[in-house]
Structure formats: structure tokens, C-alpha cells
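K.L.:
need a structure here:
(one chain, ligands or ions: 1)
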Amino acid sequence: MNAPLPVEVLKQHLIDPEICIRCNTCEETCPVDAITHDSNNYVVDPEICNGCMACVPPCPTGSIDNWRLVVRAEAYSVQDQLGWEELPQDKPLPVDAAAAGEGGQPMPAPQAESGLAQAVAVTAAAPGAAVPPWSAAHPYVNLYTHKTPITATVVGNYRVTGVDTESDIHHIVLDFGEQPFPVLEGQSIGILPPGVDAQGRPHHARQYSLASPRDGERAGYNNLSLTVKRVTQDHGGAAAHGVCSNYLCDLAKNDTVQVIGPFGHTFLMPNHPQANLIMICTGTGSAPMRAMTERSRRLIGTADIGKLMLFFGARTERELPYFGPLMKLPRDFIDINLALSREPGQPKRYVQDLIRERAAHVRGLLADRNTCIYVCGLKGMEVGVLDALRDVVVQSGEDWSILHDALRREGRLHFETY
Ligand code: A2P
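P.N.:
So this is what the prediction gives:
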């Protein structure tokens, strides 16, 4: 009698559409281009995904970390996944397939089981770390989801750039009243804009970094702040109406907002004494830097805080969010370096130019294992900043690739770019 052919089982990688905030991190990270998206969902092509896990640690929500055992011939296709509103239930495997999945048949499954420890090893090619600094506080994530959002009340909304400039950037304060919403500096939240998209579906959440520290925009209050730029153009400069940014920038005091999150478990600040921060940002990428700076400022006199060095890029002083309050901070508390690209009468400068100009200081901080580096803002700055850091290190006769690996392994170099 012929034995039945063993059925091939696949541990299929899927993304939970109910938790995903469509931030594109996974698609950018995937080394084999297995992740794609449409206006509805981010999905994983089962024909391409090799389960390398590179996309798992950077995902701020954990929606990426979903797996289903399926018969390979019946794997969920890209088209199936694009139409989902939620993940399908687990389907029982046929008996012979289940046996194969338990070891009878080699399983073309992920190289590592789901989990951060294994994933860290395979994300070495990413520019930043997949782990937080060793002394970071433990974050809460996904307390509120698309299905169970929390309602916040707007308690403040004001412009933080010159009114005569093109950059309409708002500082928006949301209060959670009696409802728990614990956060850390470097985390983000999702905002659910009201209304529906062109297909008649509710809008997806948009992600914003916190601009306030863990103990509230106002210390001791259950509130937080965001830094939101009104989007009126797409990346190519064509007119475009940002659904969520315009909604947020137009909010009035006492309006309510649907919020999900918090998100993020790696872009977190160190908590140990003498920890130094190098913060590099452009525009609204200043939000997490404001949060970390304010956290440190509130610790002055109570804790042994390290050095803070800020590189901040904007078109002009009037387009640099929080310019006034920033310049009032004591110079012995934070070393501020402003890179202005369109200030009349001044040469165009980017943050990477200033990193090179301040090479000696940057090198000194990089030599200290208590230093963590945070980069947030325009995607384009990522390469420029890495090149500048490399140049600074190489100038002193050191090996950048060794230091870069250590910074990633030790959770000391973090990127959040868009
Ligand atoms: P630029 O004047 O060349 O656009 P924005 O106001 O668009 O958010 O940009 C914030 C700042 O970041 C601006 O000064 C902008 O300069 C600058 N910038 C643009 N591209 C890069 C890049 N690749 N690296 C560093 N800074 C950049």
C-alpha cells in the first residue's frame, strides 16, 4: 500500500490588522521585501517571507508578531490578507499535517521562534538598536486598541512656530482624567481621526511621539502632549490634506479624541545616574527629545543626571518648534546646536554638519558607555547622521563598525524616522 504523501506545513507570518498602526516600519525593515501594503492593510507574502524575524523587534505595537500553522498549499495569500479586518481564527491542521508540523516533516518556518532574544541577533543590519538601554524603565504597550480606544480631552492646543511661516506646528495637550494611560518618554500613541476613508472604511490610526515626560505634560497630571505639523503637501511638494494632522491642529479645548496605545519598547531613555543623551532631530522629530529633556530637567537636584547634547534641524528659527522655551534652558544643563537650513543670510546647515563641527565633544560622549543616541525626524537624515557619526569616530583612529555594533547591541543608538 502506498503511504500518503506528507503534507507540508508552514508557520505563516501574519500582521494583526486590528493592532497595526500602519507605520511602515516592518516594510522598511524587511530585508527580502516580503511585506507590502495597500490603503487597508500591511501584509506578509508567504512566498517570500523566510521568517528571519528582522521586522519583529522594531514594530512598535507587536502586531507583526503573529503566526499561524497552515498547510503550505493553503497559506493565506497577499490578496486574502489585504481584505482582512481581523486575523482569522486558527484552523485545525489535517492529522497528517499536524504530525509533520511536530517534526515529521522539516518545517520551513521562521529561523527563530517568536521573541525578542533571537530576533536581536538577526537585525544587525538595521541602523539602530532593537533593544532599549539596559536601565530603561519597562513600558506598557497596547493598553488600548482600535476596538477599545480611550477617550482623551483636549486641554491645550497652540502653535509653536512663527505665525508668518509655512511650518504650522502645534503643541497639543491631551488629558486622560481618571483613566490609566501610563507612558514613557520615547513612546508614541495612535490617534483615530473621525470619519471614513475613500473606501468608506474608518480611518486608520496615525502615530505621534509623545512630547511630554512620563509624569505628564504638567508634572503630576494624567496628561501628555504631542507635536503635530499640519500636512498640506506630500513628500513631493504637491498639495495634500493630512487627514489626522489637520484634525488635530484644528481641535479646540474640551474636544475629545480617540486614542490607542501606548506604543514602543526600544526608543526609551536610560535611567541610571550619569547617563548621557545625544539627541538629533529635525522638525516634529523634536517631540521625544523634548520629553527626554524635560524628564532630565525635572530630575535636576534629585538625581545624578549626565550630559545632554542636542542637534536640532529646522528651516529657520521661527520654524523651529519650541524655540523660545528651548533657548531658556541653562547651558550647563543642555548643549544646544541648531542647524538652520533656510535662515536668510546664513549658510544652509543640516544636523550632520553640526555633528562634524562638534566632533571633539561628540567623540568624548561616544567614548562613554553611559551615552545613548536618539535620532528622530526626516527619513533622509538617517544616512547623513550615520555618516557624520562614522566620520567623527574614524577621525580619532577608531573603528566605526565595532562601535556601531556595540551601540546597537547595547541599545544605545535609536532611530525613529518618517
Ligand atoms: P531643507 O531646508 O533642506 O528642507 P522640515 O521643515 O521639512 O520638516 O525639515 C526640517 C529640517 O530638516 C529642515 O531644515 C530641512 O532642510 C532639514 N532636512 C531636510 N533633509 C534633510 C536631510 N537629508 N538631513 C538632514 N536634515 C534635512
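K.L.:
any idea how far Ile373 is from the nearest residue to Asn271 once chain neighbours are set aside?
P.N.:
The shortest distance from Asn271 to any residue other than its chain neighbours is 4.4 Å, reached at Ser135 (CB to CB, 6 or more residues apart in numbering). Where C-beta positions appear, they are placed from N, C-alpha and C, glycine not excepted. Going from Ser135 to Ile373 by CB to CB, to the nearest Å gives 15 Å.
K.L.:
So for the two, which sits in the more crowded spot?
P.N.:
For the pair Ser135 and Ile373, the greater number of neighbours falls to Ile373 (22 against 15), based on other CB atoms under 10 Å.
K.L.:
Just the closest residue of the stretch 151-300 of the chain to the ligand, please.
P.N.:
As assessed by CB to the nearest ligand atom, the ligand sits closest to Gly283 within the stretch 151-300 of the chain, at 3.2 Å.
K.L.:
Does that residue touch Gly313 like I think?
P.N.:
Yes - with contact defined as CB atoms under 8 Å, Gly283 reaches Gly313; the gap is 7.4 Å.
K.L.:
which neighbours do the two share?
P.N.:
Jointly contacting Gly283 and Gly313 under the rule CB atoms under 8 Å, 6 or more residues apart in numbering are Gly377.
K.L.:
Neighbour count: these two, which is higher?
P.N.:
Ranked by neighbour count (other CB under 10 Å), Gly283 and Gly313 place Gly313 first, with 27 against 21.
K.L.:
do the helix or strand where the more buried one lies and the ligand meet at all?
P.N.:
With elements taken from DSSP states H and E, the one containing Gly313 is strand 308-314. Yes - judged by CB under 6 Å from any ligand atom, strand 308-314 comes into contact with the ligand through 313-314.
K.L.:
still on that earlier bit, hang on, the residue nearest to Asn271 packs against Gln274?
P.N.:
No - in this structure, Ser135 is not within contact of Gln274 by CB under 8 Å, at 10.6 Å.
K.L.:
so where is the protein shaky, pLDDT-wise?
P.N.:
Screening the chain residue by residue with the criterion pLDDT under 70, one finds the ranges 1-6, 95-125.
K.L.:
Around the ligand, which positions in the stretch 301-418 of the chain sit nearby?
P.N.:
For the stretch 301-418 of the chain, the residues in contact with the ligand under the definition CB under 6 Å from any ligand atom are 313-315, 341-342, 350-351, 378, 380-381, 384.
K.L.:
what residues are up against the residue of the stretch 151-300 of the chain closest to the ligand?
P.N.:
Applying CB under 8 Å, 6+ apart, one finds that Gly283 lies in contact with 167, 169, 229, 313-314, 321, 377-378.
K.L.:
ok, the nearest residue to Leu413 once chain neighbours are set aside to Thr371 distance?
P.N.:
In space, and not counting its chain neighbours, Leu413 is closest to Leu407: 3.8 Å by CB to CB, 6+ apart. Distance, Leu407 to Thr371, by CB to CB: 9 Å.
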